[in-house]
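>>> Output the structure for:
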Amino acid sequence: MRVEEEKQKMLQQEMQQMLRRQMYFFAQMQEQIQDEARQLVESFYVRQKARSQAIRKESDLREWSDLSVQVRLLRGQQVTIHWRKKNWYRSSRDGKLHFQTEHITKPHGSHDYKKTLAKHATSTEYEDVIALEGRFSELREYAKRLHQMQADLRKAANQMELALPESERTGKDRESAWAIQERIGNLIHLLKYRLWPNESEADQQAGFVPMVDAASGIGHDIDPRKVRVALDALMAAHGALLDVFSG
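Modelled structure (predicted):
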């Protein structure tokens with residue numbers, strides 16, 4: 001009975017680790033979308049600046065762009081991309097021109113900004129803006145689908161009573177030392193289960209080390225006793241580190 005309970009526990013831990021890795025993968029994909037969107041925006045600003053400089057040299061052309069783009073990772077889970085515009089006003093305090101920036105709203109029922117941007121883009125930047133919005137529209141859809149998959153996976157984990165971190169952004173630069181150490185402990189136990197999934201309690205009591213399971217991916221020419229010694233040493237080191245962390 002104890003061996004069966006141990007197997008169930010190991011399986012649950014393995015499933016939990018797989019779900020966490022999948023959530024982290026989704027978070028990485030969101031960050032990749034965010035990175036591409038930001039690179040596109042930076043390139044657009046470079047071209048926008050070049051157009052503005054050309055305008056200053058031509059007295060017969062007075063079109064100035066008031067467009068900008070905001071890229072955010074909303075609540076650390078979904079990328080959002082919004083077009084914005086400057087609204088200019090003259091301050092009564094100093095008499096100078098100032099501006100406030102506000103979001104440009106998409107037309108009702110539309111999935112992109114193209115119809116609205118046609119009203120706000122200057123003639124010199126129109127094609128650039130429309131092409132850029134075409135890619136932004138795709139990136140928003142990718143981010144939306146990823147977010148839905150994240151939500152579905154979290155829902156499935158809750159139904160299976162498997163705990164997942166509050167944030168999907170669980171990279172090594174965001175995890176605490178304790179969380180990483182906890183994951184290492186879980187992986188050590190999973191490794192032991194992978195190597196000897198059918199090991200019985202009688203084997204353990206007798207000190208008998210079975211052959212490493214063929215499905216583990218480890219070659220048949222290794223000595224399972226040496227593997228057990230190394231694994232026991234790893235588990236002992238992990239336990240000692242936990243004692244230090246616990247004070």
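
>>> The lengthiest strand in the chain: partners in the sheet, and parallel or antiparallel?
In the chain, assigned by DSSP state E, the strand with the most residues is strand 78-90. Sheet pairing of strand 78-90 (DSSP bridges) gives strand 67-74 (antiparallel), strand 97-103 (antiparallel).

>>> any chance of the ones you listed in TSV, with mean neighbour count too?
Any C-beta I mention is one placed from the backbone N, CA and C, and that applies to glycine too. As requested, the strands paired with strand 78-90 are exported to TSV (neighbours: other CB atoms under 10 Å):
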stretch	mean neighbour count
strand 67-74	16
strand 97-103	10
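
>>> Report the buried residues of the longest strand of the chain.
Of all the residues in strand 78-90, those buried under the rule 16 or more other CB atoms under 10 Å are 78-79, 81-83, 85.

>>> okay, those in a markdown table with pLDDT and distance to residue 194 next?
Below are the buried residues of strand 78-90 laid out as a markdown table (pLDDT from 0 to 100; distance: CB to CB, whole Å):
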| residue | pLDDT | distance to residue 194 |
| --- | --- | --- |
| 78 | 89 | 35 |
| 79 | 92 | 36 |
| 81 | 93 | 43 |
| 82 | 92 | 47 |
| 83 | 93 | 50 |
| 85 | 89 | 57 |
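
>>> Need the three-state assignment for residue 198.
coil (DSSP: H, G, I helix; E, B strand; the rest coil).

>>> Could you pull up the residues touching it?
210, 213 (CB atoms under 8 Å, 6 or more residues apart in numbering).

>>> Got phi/psi on it?
Dihedral pair for residue 198: phi -110, psi 10, per degrees, to the nearest 10.

>>> hang on, isn't residue 52 packed against residue 46?
No - between residue 52 and residue 46 there is no contact under CB atoms under 8 Å: 11.0 Å.

>>> Would you agree residue 103 is in contact with residue 81?
No - the criterion here is CB under 8 Å, and residue 103 misses it with residue 81 at 11.1 Å.
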